[in-house]
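In: how would this look folded up:
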Amino acid sequence: MISRILQDQGRFLFLVPLLISLFVILGHAEAAYSVEFCEPGKHFVDRCTSGDNYVEGKLVIGIDTVLDGILDGVADFDSAFVGYVRIVRDNPLDDSLHFPGYRAVDGHSGVIGLEMASMRSTGVKGTPTEGWTIRTGRNSGVYPSTLGAVAECEPGKADCVKHTGDPEWALSIFHMFFEIDVPTLGTLRNYNPALPDNNVFMIGTEIDRAPPALGTRFFPIRPVTAVFDENGVHVASLVAALTTDRATTPSGSTSHAKNLVSNLRPGGKEGDGRMSLVYDAATGEVRIDIPVGLAVNSINIDSASGIFGGAPARNLGENPDNNHTDDNIVKSVSYGSFGSTSFGSVARRGLSERFLLSDLRVVGSLTDGAGAFGDLDLVYIPEAASKFGTRPR
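Out: Prediction:
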């Protein structure tokens, strides 16, 4: 099926830009995550090490809905979303753990497992999807998980159409499940156990590096993917998508999609008009300091070593996306925004500022599709300062 779609690229001009943006900038060389760029060359898949990667980007999708009175397979409008994505990449193996039999078990580690652990993007203000939110991934509360793989183009494998048998190329695929919050229709999803493959949204393309070259396009297995409301009624379809390999930063400047792996800056102070992550070494408290006027609707904090094993997180709210595990805290709202928030003493005590700068990763989004909020300051309150009331401000 993948082979047929990729052969007919002219008919299915179905692009998935957020994934393209992801792979365009995927990777950051840091010991905590062991992430490296996988450069072009023979058997480049064999050299791709595991990693945990974040980017912000722009997603433009063609959506056909019942809002115009008819589902005709033609997009009612192109919907623009902005936000972030987190991708977890495994070390190369002989065959895919997610899709057994994807490659022959022959002693050649030519397959990398992928998981889109979280994606949250909001509709751009002033467009038809203002107020909409699209999510995927288990850390966003969306199941089944969105899994993928990168597999070398081996001899005899017809899924690599253009580069069959060429060890410098690989097929990259994702099997996606997503949810879309629409104010007038509720929460929509493509998952449907009554349909083949649970109505998964499958995409694929051929790449010669990770991230792929700019302009790489992912093509669908199905030209139309049905989307259902909470009662199982078919109310919308994804029928087309357009892409950009550029993303607008919160400052308004335009650049290639931004890698959000290193986005904490040392030396922050609360109340200085800058968005900050605050850590109290004496108590293990973690909180977010959000300046007045900054409308934040989601935040995702990840720890490479799992420091959030303290008290249960406070003030998460009722959104089903919200999450607290040893390595992850998620707070989000479907509509509106939230301000400065304390999650309580969720973290281990006594951690150093240097350790936190290498361990923590923070991403999130602003209300009405204004973008992702980019870099944050780290406000570090040492144990002595906390005990004697000399907290930095």
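In: and residue 47, its phi and psi?
Out: Recorded main-chain torsions at residue 47 are phi -100, psi 0, according to degrees, to the nearest 10.
In: contacts only, for it.
Out: Residues counted as contacts of residue 47 (CB atoms under 8 Å, 6 or more residues apart in numbering) are 38-39, 41, 92. Quick note: C-beta positions are derived from backbone N, CA and C, even for glycine.
In: quick check: domain ranges of this structure?
Out: Residue ranges for the domains of the chain, per automatic domain parsing: 2-248, 263-387.
In: turn these into JSON lines, including mean pLDDT.
Out: Below are those laid out as JSON lines (pLDDT from 0 to 100):
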{"stretch": "domain 2-248", "mean pLDDT": "73"}
{"stretch": "domain 263-387", "mean pLDDT": "82"}
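In: can you pull out the strands in the stretch 51-200 of the chain?
Out: For the stretch 51-200 of the chain, strands defined by DSSP state E, counting those that start in this stretch occupy the ranges 51-65, 77-89, 111-123, 133-136, 146-152, 170-176, 178-182, 186-189.
In: go on, the stretch 201-350 of the chain?
Out: Per DSSP E, counting those that start in this stretch, the stretch 201-350 of the chain has strands spanning 201-207, 219-220, 225-228, 234-242, 246-248, 254-256, 258-259, 264-265, 276-280, 286-289, 296-303, 323-325, 328-332, 341-342. These are given in chain order.
In: which of those strands sits closest to residue 356?
Out: Checking the strands of the stretch 201-350 of the chain against residue 356 by CB to CB gives strand 276-280 as the closest, at 5.9 Å.
In: start to end distance for stretch 149-166?
Out: Stretch 149-166 has an end-to-end distance of 17 Å (criterion: CA to CA, to the nearest Å).
In: ditto for stretch 162-177
Out: 28 Å.
In: same thing with stretch 268-280?
Out: End-to-end distance of stretch 268-280 (CA to CA): 13 Å.
In: which residues touch it?
Out: Contact partners of stretch 268-280, identified using CB under 8 Å, 6+ apart, comprise 264, 285-291, 294, 296, 301, 347, 351, 356, 360, 362, 373, 376-381, 386, 391-393.
In: re the thing from before, the strands of the stretch 51-200 of the chain: which one's closest to residue 328?
Out: Evaluated over the strands of the stretch 51-200 of the chain, closeness to residue 328 peaks at strand 111-123, with 8.6 Å, by CB to CB.
In: what is the burial count for residue 282?
Out: The local packing of residue 282 (other CB atoms under 10 Å) involves 17 other residues.
In: you'd agree it is up against residue 381?
Out: Yes - counting by CB atoms under 8 Å, residue 282 does reach residue 381; the two are 7.3 Å apart.
In: picking that back up, just the buried residues of the contacts of stretch 268-280.
Out: Neighbour-count burial (16 or more other CB atoms under 10 Å) applied to the contacts of stretch 268-280 gives 264, 285-290, 294, 296, 301, 347, 351, 356, 360, 362, 373, 376-381, 386.
In: quick revisit: reformat the strands of the stretch 51-200 of the chain as TSV; add distance to residue 158 and mean neighbour count.
Out: As requested, these are exported to TSV (distance: least, CB to CB, whole Å; neighbours: other CB atoms under 10 Å):
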stretch	distance to residue 158	mean neighbour count
strand 51-65	29	24
strand 77-89	25	23
strand 111-123	16	25
strand 133-136	28	26
strand 146-152	12	24
strand 170-176	10	24
strand 178-182	28	21
strand 186-189	32	17
